[in-house]
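# predicted model and sequence follow; I will ask about them next.
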Amino acid sequence: MTKKYAIGVDFGTESGRAVLVSLDDGREITDYVTEYSHGVIDEALPESEVELGFEWALQHPNDYLDVLKQSVPAVVKNSGIDPEDIVGLGIDFTACTMLPVNTNGDPLCFDDDWKQNPHSWVKLWKHHTAQEHANQINNLAAKRGEKFLPRYGGKLSSEWMLAKVWQILDEAPEVYDEADQFVEAADWVVSQLTGRLLRNSCTAGYKAVWHKEEGYPDNDFFKALDSRMENLAETKLKGDVVPLGTSAGQITQEMAGLIGLSPKTAIAVGIIDAHASVPGVGVVSPGKMVMAMGTSLCHMVLGEKELNVEGMCGVVEDGIIPGYYGYEAGQSAVGDIFAWYVNQAVPDYVEKEAESEGINVHQWLEREASNYKPGQSGLLALDWWNGNRSVLVNTELSGLLVGATLQTKPEEIYRALLEATAFGTRKIVDAFHKNGVVVNELYACGGLPQKNKLLMQIYADVTNRTIKVADSKQTPAVGAAMFGAVAAGADHGGYNTIVDAAKNMARIKDETYEPIPENVAVYEQLYQEYNKLHDYFGRGENDVMSRLKLIRSQSSE
Ligand SMILES: Nc1ncnc2c1ncn2[C@@H]1O[C@H](COP(=O)(O)OP(=O)(O)O)[C@@H](O)[C@H]1O
Ligand SMILES: O=C(CO)[C@@H](O)[C@@H](O)COP(=O)(O)O
């Protein structure tokens, strides 16, 4: 039989990339990145005078279609592979990245009548202006003892579907009324490929509080929140929720022609980007935490029971690998914090030296920071530059650096920021491990493990655990391709289960990061100090960060 292939398309925050993968061994034959031409829309609507407020983050649905139209034909062409041998395609997406659509499934923002309203656009995962709505959802759910709340670590996030939908209803009831449905971008893109709008159990479970047995929260709960939302589940969130690995159908003739695939190609239902990384690195059993490390960091681990863990993003049965409870936690900025420092705060001389050596500023800072021992800088930071996703679940928190003196060097601050993110991860690892969701070893994927060895060693030392690294540049896309192979099925050259696909296709580097005992000891001390700052600023003893944010938003009105 001729070799078979699948394509995984990873829709990230700034760009989308298609990867063509061999189904024999997971080898990435070729990939192609398409930048979103509108990027993250955070200042004003495209071709419009309408300005956006503080912490808005929108996207243009056409950018997603451009990824399909540019990246997919490019990988087919560059590989020289016959499209008939590409048996499946899967996509993964940031989430909750959601949009209102009309009865035809078209985005409201495509309509001239609606495009001047910011609420008709795609709200990106990091759209952070629904915190007040999230707070009210959490308070009411806690007061009523809603069963769903513990499954989300005691708090739903402002990044998720319910807070975003309620914000739309509150601030633009006309958009809410006009919308036939609110859908995840992952599901919308699949519908553009297949002509069928299905909701995948992964985004529905983690981001829209859907449960395999219980469905969405009761109408009573929605009614108590806002009587206008009473029937949300049957109206704006209607439609079948189907398990991961389901085929959404074959690609439409029209789309197949447009993007250069065979009309027989099976399309998998979508999955969240971070979650696709789990089979992508070959993790199909408990005890192994997968860290998708990029602009943000998502932590995923499988368990055999449904347990409560403070501040986790969620536990969803079959949410990642069928047969297991999939747990997720996360940090809403990691690479983004380093980017902020490099772009906003590094002195000129660092940029010049890096440039004269032909390396980038990150590489320069990493090299210089490697000359320091743990604790030597006297600095300690809190990693909340984009709020805290786990375990505090509060987007109002902000960053902190203590210990700076007139002698402090840029590379010391850079190192303190790397360490702060590692402490944030340690907090998450401990929250799971101590509550019975065992974490014995760590698997890292995403852009950061390829870029910064010091960062990875610090994570191994701070967590006192071995870290294995994906031997893939595009792990979520490889995971998505695996789901594409499952959608095709073994009879068509794919696989019958994601476990089979992962066993054959996932690849890990030989080199691992091992904790260094003397570093572990110093970091243990620093972590205790981090914990004190964490609780002082994060658990209500001192809410200066929320007050500053309030003053800031009042002052910028
Ligand atoms: N050498 C480096 N060390 C640490 N962080 C880096 C380095 N180079 C780039 N970054 C950070 O990596 C992040 C991008 O990660 P990547 O995984 O490629 O993106 P994404 O999360 O969008 O998929 C950026 O936030 C950037 O600041
Ligand atoms: O929230 C999730 C997953 O739950 C992510 O989609 C979101 O953090 C975006 O991740 P990336 O930084 O683009 O990898």
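Looks like it came in fine. Ligands and ions are numbered 1, 2, ... in the order given.
# going forward, measure contacts and count neighbours with C-alpha atoms only.
Fine.
# buried residues, the host helix or strand of Tyr443. List them.
Using DSSP states H and E, Tyr443 falls within strand 439-445. When burial is assessed from 16 or more other C-alpha atoms under 10 Å, strand 439-445 yields the following buried residues: Val439, Glu441, Leu442, Tyr443, Ala444, Cys445.
# next, format those as TSV and append pLDDT and distance to ligand 1.
Listed next are those as TSV, based on pLDDT from 0 to 100; distance: C-alpha to the nearest ligand atom, whole Å:
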residue	pLDDT	distance to ligand 1
Val439	98	23
Glu441	96	21
Leu442	98	17
Tyr443	98	15
Ala444	98	11
Cys445	96	8
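# contacts with ligand 2 among those, please.
Of the entries in the buried residues of strand 439-445, none also sits close to ligand 2 under the rule C-alpha under 6 Å from any ligand atom.
# which bits of this structure sit near ligand 2?
Neighbours of ligand 2 within the chain, by C-alpha under 6 Å from any ligand atom: Gly12, Thr13, Thr94, Ala95, Ile272, Asp273, Ala274, Gly294, Thr295, Ser296.
# nearest residue to the residue of the stretch 351-500 of the chain at minimum distance from ligand 1 in space, please, no chain neighbours.
Proximity of the stretch 351-500 of the chain to ligand 1 (C-alpha to the nearest ligand atom) peaks at Gly447, 3.1 Å away. Take Gly447 and drop its neighbours on the chain: the residue closest to it by C-alpha to C-alpha, 6 or more residues apart in numbering is Gly294, 5.4 Å away.
# isn't the one you found right up against Ile337?
No - taking contacts as C-alpha atoms under 8 Å, Gly294 lies outside contact range of Ile337: 10.5 Å.
# and those two? which has more neighbours close in?
Ile337 (22 against 18; other C-alpha atoms under 10 Å).
# hang on, the earlier thing: please tell me how far the residue of the stretch 351-500 of the chain closest to ligand 1 sits from Leu297.
11 Å (C-alpha to C-alpha, to the nearest Å).
# who's more crowded, these two?
Ranked by neighbour count (other C-alpha under 10 Å), Gly447 and Leu297 place Leu297 first, with 27 against 17.
# so in terms of bridging, what pairs with that one?
Met293, Gln331 (DSSP bridges).
# what's the per-residue pLDDT of it here?
pLDDT recorded at Leu297 is 95.
# quick check: it touching Val334?
Yes - with contact defined as C-alpha under 8 Å, Leu297 reaches Val334; the gap is 6.2 Å.
# which residues sit against stretch 387-399?
Residues outside stretch 387-399 that contact it (C-alpha atoms under 8 Å, 6 or more residues apart in numbering) are 128, 131, 153, 155-158, 310-313, 329-333, 381-386, 427-428, 431, 538-539, 545-546, 549.
# which among those count as buried?
For these, a burial check counting by 16+ other C-alpha under 10 Å picks out 128, 131, 153, 155-158, 310-313, 329-333, 381-386, 427-428, 431, 538, 545-546.
# per-residue pLDDT, Glu541?
Confidence for Glu541, expressed as pLDDT, is 83.
# what about the nearest residue to it once chain neighbours are set aside, how many residues nearby?
Leaving aside its chain neighbours, Glu541 sits nearest to Asp535 (7.4 Å; criterion: C-alpha to C-alpha, 6+ apart). The tally of other residues near Asp535 (other C-alpha under 10 Å) stands at 13.
# tell me what the one helix or strand Val301 maps to is packed against?
Per DSSP H and E, Val301 falls inside strand 297-303. Packing partners of strand 297-303 (3 or more C-alpha pairs under 8 Å, 6 or more residues apart in numbering; DSSP states H and E): helix 273-280, strand 287-293, strand 325-331.
# ok, Tyr495 - contacts?
Residues near Tyr495 by C-alpha under 8 Å, 6+ apart: Ala485, Val486, Ala487, Ala488, Gly489, Ala501.
# which one (most neighbours) among these?
Among the contacts of Tyr495, the one with the most neighbours (other C-alpha under 10 Å) is Ala485, at 38 neighbours.
# quick check: residues of the stretch 1-150 of the chain near ligand 1?
Counting by C-alpha under 6 Å from any ligand atom, the stretch 1-150 of the chain sits next to ligand 1 at Gly12, Thr13.
# whichever residue of the stretch 1-150 of the chain sits closest to ligand 2: neighbouring residues, count only.
Nearest residue of the stretch 1-150 of the chain to ligand 2: Thr94, at 3.2 Å (C-alpha to the nearest ligand atom). Thr94 is flanked by 22 other residues according to other C-alpha under 10 Å.
# quick check: chain neighbours aside, which residue is closest to the residue of the stretch 301-450 of the chain found nearest ligand 2?
Ligand 2 sits closest to Ser332 of the stretch 301-450 of the chain, with a gap of 6.0 Å, by C-alpha to the nearest ligand atom. Spatial nearest neighbour of Ser332, chain neighbours left out: Ser296 (5.0 Å); criterion: C-alpha to C-alpha, 6+ apart.
# now do the contacts for the one you found.
Gly330, Gln331, Ser332, Ala333, Val334, Gly335, Asp336.
# of those residues, closest to Gly80?
Distance to Gly80, by C-alpha to C-alpha, is smallest for Gly335 among these, at 34.9 Å.
# can you list the buried residues in the strand or helix carrying Trp364?
Using DSSP H and E, Trp364 sits in helix 361-369. Neighbour-count burial for helix 361-369 flags Val361, His362, Trp364, Leu365, Glu366, Glu368, Ala369 (criterion: 16+ other C-alpha under 10 Å).
# and the contacts of the helix or strand following that helix?
On the C-terminal side of helix 361-369, the closest following helix or strand by DSSP H and E is strand 380-382. Residues outside strand 380-382 that contact it (C-alpha under 8 Å, 6+ apart): 399-403, 416-417, 419-421, 526, 530, 533-534.
# and those residues as a markdown table, adding distance to ligand 1?
Output for the contacts of strand 380-382, formatted as a markdown table (distance: C-alpha to the nearest ligand atom, whole Å):
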| residue | distance to ligand 1 |
| --- | --- |
| Gly399 | 16 |
| Leu400 | 18 |
| Leu401 | 18 |
| Val402 | 21 |
| Gly403 | 22 |
| Ala416 | 12 |
| Leu417 | 10 |
| Glu419 | 12 |
| Ala420 | 13 |
| Thr421 | 11 |
| Leu526 | 21 |
| Tyr530 | 21 |
| Leu533 | 24 |
| His534 | 23 |
